[in-house]
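I'd like to go over a predicted model; first the sequence, then the structure.
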Amino acid sequence: MRISFDLDEVLFVSPATHKTEAVLPFPLNRIYKERLRLGAPDLIRELQKNGDQVWVYTSSFRSEKYIRGLFRCYGVKLDGIVNGQRHLREVQRDHSETLPQKLPNHYRISLHIDDEEIICVNGRQYGYEVYRLDAQDDDWKEKIIARTDQIRRREAEREATK
């Protein structure tokens, strides 16, 4: 199963409002100023251990190299990255109408985790699964694991009835 996370306010959070991972040591903390939500590296590794692919799908224009480098500092290897540039190039392309800022199903993503309500609304409209995560939540990892298990069971049942 493929799972994607938004960056800003989901994985990258403010220590003023959320519990965060430790600051990276110097000089890495000068290159990578964002703070990861507490438990994010462990959750990503656990999902990957369960056989899931973990992607980042962000509307930001941070480079893929920057995103991969930051997560590598925490011992995490991402399976895929869709940033704003890639989305415009591969999803929006030459469509005359403006498409939503994220379309996870274009990349066969089974679950996208985001903080924005509009992404959840678009999920219902465009047919993709979204888990909304915004506020500090000490049980966020367990809730996402439970949601992935639920989707995995549903997909297995769907396959069994084919």
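Alright, I've got the coordinates. Numbering: from 1, shown residues only.

where exactly do the helices run in the chain?
28-31, 40-49, 64-73, 84-87, 117-126, 140-160 (DSSP state H).

Quick one: list the elements packing against the first one.
In other words, helix 28-31. Contact analysis of helix 28-31 by 3 or more Cβ pairs under 8 Å, 6 or more residues apart in numbering; DSSP states H and E lists no helix or strand as a packing neighbour. Using the backbone N, CA and C atoms, a C-beta is placed for each residue, glycine as well.

contacting residues around that helix?
Contact partners of helix 28-31, identified using Cβ atoms under 8 Å, 6 or more residues apart in numbering, comprise 23, 69, 73.

ok, now the third one?
Judged by Cβ under 8 Å, 6+ apart, the contacts made with helix 64-73 from elsewhere in the structure are 7, 24, 28, 31-32, 34, 41, 44, 56, 58, 77-78, 81, 83, 86.

Those residues, buried ones only, as a PyMOL selection?
To isolate the buried members of the contacts of helix 64-73 in PyMOL, using 16 or more other Cβ atoms under 10 Å:
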select buried, resi 7+24+32+34+41+44+56+58+78+81+83+86
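
Closest one of the contacts of helix 64-73 to residue 122?
Using Cβ to Cβ, residue 58 comes nearest to residue 122 of the contacts of helix 64-73, at 15.0 Å.

Check the gap between the nearest residue to that closest one once chain neighbours are set aside and residue 49 for me.
Residue nearest to residue 58 in three dimensions, not counting chain neighbours: residue 7, with 4.3 Å by Cβ to Cβ, 6 or more residues apart in numbering. Residue 7 sits at a distance of 22 Å from residue 49 (criterion: Cβ to Cβ, to the nearest Å).
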